[in-house]
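Visitor: No letters, just coordinates:
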Ligand code: DAT
Ligand code: MG
């Protein structure tokens, strides 16, 4: 079993898509081991997305991610990291495969509905960013 960090971003949460996305996650065989709704500050969003600091879209990204509530999730499955990225679809919703969450719920490159860790080390950092070990027993 492997764990990954998923986020239902502020655009999808505000549009009422948290329920359908959670239902889809369960239907696709992920176990939701951690779940919380929160609103990030811009500073917290910047710390989470530290690898993108200095890029042209960083301020837009952190401003968007701190614009309202989101839902953060620790998801468990075999091959959870690649499986969740497959379910999310490509970063740009215009390129996302039919049936993927970003194709269904994303509206632009910067407003793409969901986040997912991209590797073992980033998953460990991102899960630890939002959840303590005790919260994931
Ligand atoms: P992903 O979220 O698929 O892992 P990423 O890590 O490259 O993609 O980028 C993080 C987020 O930043 C992405 O979900 C949307 C936004 N983003 C990426 N590239 C962008 C760009 N060129 N312009 C605007 N926003 C961008
Ligand atoms: Mg990424």
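Guide: Nice, I can see it. These numbers come from a predicted model, not from an experiment. Ligands and ions are numbered 1, 2, ... in the order given.
Visitor: Verify the contact between residue 13 and residue 70 for me.
Guide: Yes - the pair residue 13 / residue 70 is scored as a contact, 5.6 Å apart, by CB atoms under 8 Å. Just so you know, the C-beta spots here come from the backbone N, C-alpha and C atoms, and that holds for glycine as well.
Visitor: So if I had to pick from these two, which one is more boxed in?
Guide: Legend: neighbour count by other CB atoms under 10 Å for residue 13 and residue 70, higher for residue 70 (25 against 19).
Visitor: ok, now which ones touch residue 24?
Guide: 87, 101 (CB atoms under 8 Å, 6 or more residues apart in numbering).
Visitor: tell me the SS of it?
Guide: Taking DSSP: H, G, I helix; E, B strand; the rest coil as the rule, one finds residue 24 in the helix state.
Visitor: What separation do you get for it and residue 117?
Guide: As judged by CB to CB, to the nearest Å, residue 24 and residue 117 stand 18 Å apart.
Visitor: same thing with residue 61?
Guide: From residue 61 across to residue 117, the span is 16 Å (CB to CB).
Visitor: So for the two, which sits in the more crowded spot?
Guide: Legend: neighbour count by other CB under 10 Å for residue 61 and residue 117, higher for residue 117 (22 against 18).
Visitor: How many residues are close by the closest residue to that one other than its chain neighbours?
Guide: Excluding its sequence neighbours, the residue lying closest to residue 117 (CB to CB, 6 or more residues apart in numbering) is residue 123, at 3.7 Å. Neighbour count for residue 123, taken as other CB under 10 Å: 22.
Visitor: Can you give the contact residues for the helix or strand harbouring residue 123?
Guide: Secondary structure assignment for residue 123, by DSSP states H and E: helix 120-130. Residues outside helix 120-130 that contact it (CB under 8 Å, 6+ apart): 2-5, 34, 36, 38, 47-48, 51, 72, 74, 80-81, 117, 136.
Visitor: where along the chain do the strands fall?
Guide: 2-8, 31-38, 70-77, 114-116 (DSSP state E).
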